[in-house]
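Visitor: test case, fold it:
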Amino acid sequence: MNSSFVVIKSYKGGIAVHLDPELAFELLLPKVADKFREGARFFGEARVAVSFEGRSLSSEEENALVDAISCNSSLHVICVVGKDREKEKRFRETMETFERYFPRADEDSGQFYRGNLRNGQILETQGSVVVIGDVEAGCSVISARDIIVIGRLLGNAYAGGDGNNEHFIVALEMSPQKMKIGDFKYKAKEKTKWQMKTKKQQPKIAFVQDREIHTQTITNELLNELG
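Guide: Just a heads-up that it's a prediction; the model follows:
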């Protein structure tokens, strides 16, 4: 009977979790944990989008469910589908691009950080890092290797701390205060109140070329050229 409280359906790149609409959330949460613990070997290690179906959830409940999945399996939850499908679609498409062209981000030395950096937070790592959230103004991500932000980069990003200038910084929306890759520094120009509002930003990559940091919109042509 307990199995009917949580039903999991997997599909390419994602998992749908159907939740009992009546059971109290504090009783449902451990059942989700048990379900993913039991199926951990089946799911293996993968990056997935997750949808929660069958009941309305608060942001806190969604986060608790994602934590339960992450702690009881080897799955990396990239996004929760449902509230903003267009945004989540962009997240998934961008991650597919990263996985295809940037295999370095998959190495054991890399890590994932899920959540927004705010209030001056600093995230520092000796490997590559994928931030699944926003880096707000005044916050910093410091990596010895590559940085990927699945969200807005509004603060500071320092990649290539190992001294290698061939590392990169990627963000779905790139408006950093400061960036550094290896030995090269970049500071974004201050926006003035007279500047016209730009159209919706596209995913961008920052890389070193001719001893300067360049930022460009991500295209297959650009990635092939860099590769």
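Visitor: any idea whether Tyr158 is helix, strand or coil?
Guide: The local conformation at Tyr158, judged by DSSP: H, G, I helix; E, B strand; the rest coil, is strand.
Visitor: pretty sure it sits against Ser143.
Guide: Yes - with contact defined as C-beta atoms under 8 Å, Tyr158 counts as touching Ser143 (7.1 Å). Any C-beta I mention is one placed from the backbone N, CA and C, and that applies to glycine too.
Visitor: higher neighbour count, these two?
Guide: Set Tyr158 next to Ser143 and count neighbours by other C-beta atoms under 10 Å: Ser143 wins out with 25 against 19.
Visitor: helices along this structure, start to end?
Guide: Taking DSSP state H as the test, the helices found in the chain are 25-38, 40-43, 59-71, 85-101, 220-226.
Visitor: determine which residue lies closest to the centroid of this structure.
Guide: Nearest to the geometric centre of the chain sits Ile132, at 2.5 Å (C-alpha atoms, centre = their mean).
Visitor: what's the burial count for Asn119?
Guide: Asn119 sits with 8 neighbouring residues when counted by other C-beta under 10 Å.
Visitor: ok, it - contacts?
Guide: Glu136, Gly138, Cys139 (C-beta atoms under 8 Å, 6 or more residues apart in numbering).
Visitor: now, of those, which are buried?
Guide: Using 16 or more other C-beta atoms under 10 Å as the burial test, the contacts of Asn119 include Glu136, Cys139 as buried.
Visitor: ok, of the contacts of Asn119, which one's closest to Leu117?
Guide: Cys139 (3.9 Å; C-beta to C-beta).
Visitor: was I right to think the closest one contacts Asn156?
Guide: Yes - between Cys139 and Asn156 a contact is recorded at 7.1 Å, counting by C-beta under 8 Å.
Visitor: pull up the gap between Asp162 and Arg118, please.
Guide: 27 Å (C-beta to C-beta, to the nearest Å).
Visitor: how about Glu53?
Guide: For Glu53, the distance to Arg118 - C-beta to C-beta - is 30 Å.
Visitor: what's the answer for Asp210, then?
Guide: Counting by C-beta to C-beta, the gap from Asp210 to Arg118 is 35 Å.
Visitor: ok, now Glu26?
Guide: 28 Å.
Visitor: these two: which is more packed in?
Guide: Taking neighbours as other C-beta under 10 Å, Glu26 and Arg118 compare with Arg118 leading, 14 against 9.
Visitor: look up how far Leu172 lies from that one.
Guide: From Arg118 to Leu172 the distance is 17 Å (C-beta to C-beta).
Visitor: can I see the domain layout of the protein?
Guide: Following automatic domain parsing, one gets these domains for the chain: 2-83, 86-226.
Visitor: worst average pLDDT in the ones you listed?
Guide: Note on the domains of the chain: lowest mean pLDDT is at domain 86-226, with a mean of 78.
Visitor: got the buried residues for stretch 68-80?
Guide: Going by 16+ other C-beta under 10 Å, stretch 68-80 has these buried residues: Ala68, Ile69, Asn72, Ser73, Leu75, His76, Val77, Ile78, Cys79, Val80.
Visitor: quick one: distance of it to the chain centre.
Guide: 12 Å (C-alpha atoms, centre = their mean, to the nearest Å).
Visitor: try stretch 156-176
Guide: That offset, for stretch 156-176, works out to 15 Å (C-alpha atoms, centre = their mean).
Visitor: span of that stretch from start to end?
Guide: Terminal residues of stretch 156-176 are spaced 6 Å apart (C-alpha to C-alpha, to the nearest Å).
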